[in-house]
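*Asks:* could you work out the structure for the sequence below:
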Amino acid sequence: MSYTAPKHPLRWVLSACALAIALAVYLSGGQPVSQPLATQTAAVGAKGALPAQHHKSVRSVPQQDTGAPQRYLLQGTSVVAVQRAVAAVGGRWLGGLALIRGGGAELTPNQLAALRKEARLKFFADAPIYVAGAGLKTDYVLETGANELHAAGITGKGIGVAVVDTGIWATGPLVLDPSGRSRIVATYDATVPDHSDPKAPISTRYLQDIGDPSGHGTHIASILASSDTWAAGKYEGIAPGVKLVSVRAFGKDGSGTYFDVIRGIDWVVANRKAFNIRVLNLSFGAQPQSAYWDDPLNLAVMAAWNAGIVVVAAAGNSGPDAMSIGVPGNTPYVITVGSMSDNGTPSQPSDDFLAPFSSTGPTYEGFVKPDIVAPGAKLVGLAPPTSFLAALLPAQVMKTGHFYMSGTSQSAAVISGVVALALQAHPLWTPDEVKCKVMSSGRTAVKPDGSLAYSIFQQGAGLVDAPTAVLYSNATGCANVGMDITADLAGTQHYGGPANRDADGNFYIMDVRNGENFGAVNADGYLWNTGYLWNTGYLWNTGYLWNTGYLWNTGYLWNTGYLWNTGYLWNTGYLWNTGDLTNTGYLWNTGADEALDAPAAP
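*Replies:* Sure thing, here's the model as predicted:
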């Protein structure tokens, strides 16, 4: 198949954060800065099932003899009911989490044992999680074609984007939009109790400067929204006109907890109308430990999507292994983003390749992920000069004061910007409609003979093209087909995706009709044996046609007998007892002057 050049350059950098996924782990000599409650030692099994220790029931976890209280997330019929149950056993209530109908509490072993007798409650140990990586020309704006939309007056103006991360530095290009108006409309620190004045107007109640001691959140926000210019009308950020909402859920070193992250998302959903929050950027990830519908963080993310917010999540930096998509990117409904590299030659698209760190699908429930890929290698953005990251990685600080990192966190920021551009142009689009348009814009990586260079489990629909997603795509009804998110949240229905694995270990897409698997779909790119080369570059083809449409973005009612050969079941009483985050996310290391001891990119 011949290659047809699009209207704008095909160059594309990677904008994600190789310092980001397992809620994007900060690297320090290859180890997380802070240790999780329990370290996971087993890898994903050959058939795709999680290791046995991931399936522990809350009743099987040994009780400690010390009597020291531990932090837990509790889910029940309502926040009030869970709070009363905690009070009844003398536990310490940490706060409510309306999105999961529960809250957080500190409980001693005896208090936990008493609460376990209440059949309507689910328990999860509150696990640590981590954030995942004058004007300056930013290639990723050109490579995605966002500059063409800027020239047409589409900058994301008026669209609220919430960034749940480490905070946002209050510096000029982030504080002010292209017109010079203030655009950080709200800040919320989920790591501390909310002491805001409930009597104050909502427009001024959340305007305190919470800063960003880490630098990670600022880098993400800069890629997404910097209003600085490197030439007249040439912006650094993908969507320079958006309204920013800064939600801090992680500390200086990038560490956080499920409770804080969910509390941050809960606040976003509760205040979405006040600040016109249409987009939620989640540049972090953790290892899946249950079915997507049992994970408290995924439930919160699903609730945000159901409330009309487009959720964009990093795929993770645990590639190139199969089935390495992290939480919350494994949530089938959201837009999950992988990373691609321009090989350091943005003007020459023929040597581009999939970033080795980019996590790949399918998910444990058989969904194809990532949905789309975006630039994610050595992306340039802002970071406070006194931040944790600037001190940790001085070689990544540029003379202009900018900072560069790599990873799917940065790629997620790129897609969040594209989504904001789409919503300015089409304010009535629903999250499912936005996802369909973004996926349909994908340019697939192809070999010289026109066949796919990477399968859909690696590149999803391909490399995003912003003008197509926003203005030119005619695609409709191609996202989250066959799934009812309201029923999923209510627990009355759950879904599996069309991916499966054959006896030879190859992943494939099932031809499912009336609930019966008729074998593999015979189409290029639908079969993957997990073997591929990273040192070969490919062009991105705008003319590739999926001959079966987007059937792989379809969900089926969960049938424990048809998905994986092992037919495992998830234990809904599982105790969340580990926050282990894969430590294979790394900074793009292609030069001797780079600081971290990370694997070199091919």
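
*Asks:* sticking with the closest residue to Asp126 other than its chain neighbours, tell me its helix or strand.
*Replies:* Nearest non-adjacent residue to Asp126, counting by CB to CB, 6 or more residues apart in numbering: Arg71, 3.9 Å away. All C-beta spots, glycine's among them, are computed from the backbone N, C-alpha and C. Taking DSSP states H and E as the criterion, Arg71 maps to strand 70-75.

*Asks:* Ser196 reaches Tyr206, doesn't it?
*Replies:* Yes - between Ser196 and Tyr206 there is a contact under CB atoms under 8 Å: 6.1 Å.

*Asks:* those two - which one has more neighbours?
*Replies:* The neighbour comparison of Ser196 against Tyr206 (other CB atoms under 10 Å) goes to Tyr206, with 22 against 15.

*Asks:* how about the contacts made by that one?
*Replies:* 186-188, 196, 271 (CB atoms under 8 Å, 6 or more residues apart in numbering).

*Asks:* swap in 7 Å and give it another go.
*Replies:* Tyr206 makes contact with 186-188, 196, according to CB atoms under 7 Å, 6 or more residues apart in numbering.

*Asks:* swap in Ala85?
*Replies:* Taking CB under 7 Å, 6+ apart, we find Ala85 in contact with 76, 115, 118, 121.

*Asks:* helix or strand for it, just tell me which one.
*Replies:* Going by DSSP H and E, Ala85 is part of helix 79-88.

*Asks:* rewinding a little: least confident pick among the contacts of Ala85?
*Replies:* Minimum pLDDT for the contacts of Ala85 is recorded at Glu118 (78).

*Asks:* look up how far Pro375 lies from that one.
*Replies:* The gap separating Glu118 from Pro375 is 49 Å, by CB to CB, to the nearest Å.

*Asks:* pick out whichever of these two has more residues nearby.
*Replies:* Ranked by neighbour count (other CB under 10 Å), Glu118 and Pro375 place Pro375 first, with 35 against 16.

*Asks:* and the more buried one, which of the three is it?
*Replies:* When classified by DSSP: H, G, I helix; E, B strand; the rest coil, Pro375 comes out as strand.

*Asks:* and it, what are its bridge partners?
*Replies:* Counting by DSSP bridges, Pro375 is bridged to Met340.

*Asks:* ok, now Phe250?
*Replies:* Gly256.

*Asks:* ok, it to Ser359 distance?
*Replies:* 20 Å.

*Asks:* Ala412 now?
*Replies:* To Ser359, Ala412 is 12 Å away according to CB to CB.

*Asks:* so those two - more neighbours on which side?
*Replies:* The neighbour count for Ala412 versus Ser359, taken as other CB under 10 Å, is higher for Ala412 (38 against 33).

*Asks:* which residues does Ala87 contact?
*Replies:* Ala87 touches Trp93, counting by CB under 7 Å, 6+ apart.

*Asks:* show me where the stretch 301-450 of the chain has its helices.
*Replies:* Ranges of helices within the stretch 301-450 of the chain are 388-392, 408-425, 431-440, based on DSSP state H, counting those that start in this stretch.

*Asks:* looking at those, which one has the lowest mean pLDDT?
*Replies:* helix 388-392 - the lowest mean pLDDT of the helices of the stretch 301-450 of the chain, at a mean of 90.

*Asks:* report the buried residues of that one.
*Replies:* Across helix 388-392, burial judged by 16 or more other CB atoms under 10 Å covers 388-390, 392.

*Asks:* out of those residues, which is nearest to Ala98?
*Replies:* Proximity of the buried residues of helix 388-392 to Ala98 (CB to CB) peaks at Phe388, which lies at 31.5 Å.

*Asks:* does the closest one touch Ser214 like I think?
*Replies:* Yes - counting by CB atoms under 7 Å, Phe388 touches Ser214, with 4.8 Å between them.

*Asks:* okay, and the common contacts of those two?
*Replies:* Counting by CB under 7 Å, 6+ apart, the shared contacts of Phe388 and Ser214 are Lys252.

*Asks:* contacts only, for Lys252.
*Replies:* Lys252 touches 213-214, 388, counting by CB under 7 Å, 6+ apart.

*Asks:* helix, strand, or coil at it?
*Replies:* Following three-state DSSP, we place Lys252 in the coil state.

*Asks:* what about the helices in the stretch 51-200 of the chain?
*Replies:* Using DSSP H, counting those that start in this stretch, helices in the stretch 51-200 of the chain cover 79-88, 109-115, 139-143, 146-151, 172-175.

*Asks:* least confident pick among the contacts of Tyr206?
*Replies:* Ser196 (88).

*Asks:* next one: that one from Ile309, what distance?
*Replies:* 21 Å.

*Asks:* just Gly172 next, same as before
*Replies:* 28 Å.

*Asks:* with Asp449 instead?
*Replies:* 42 Å.
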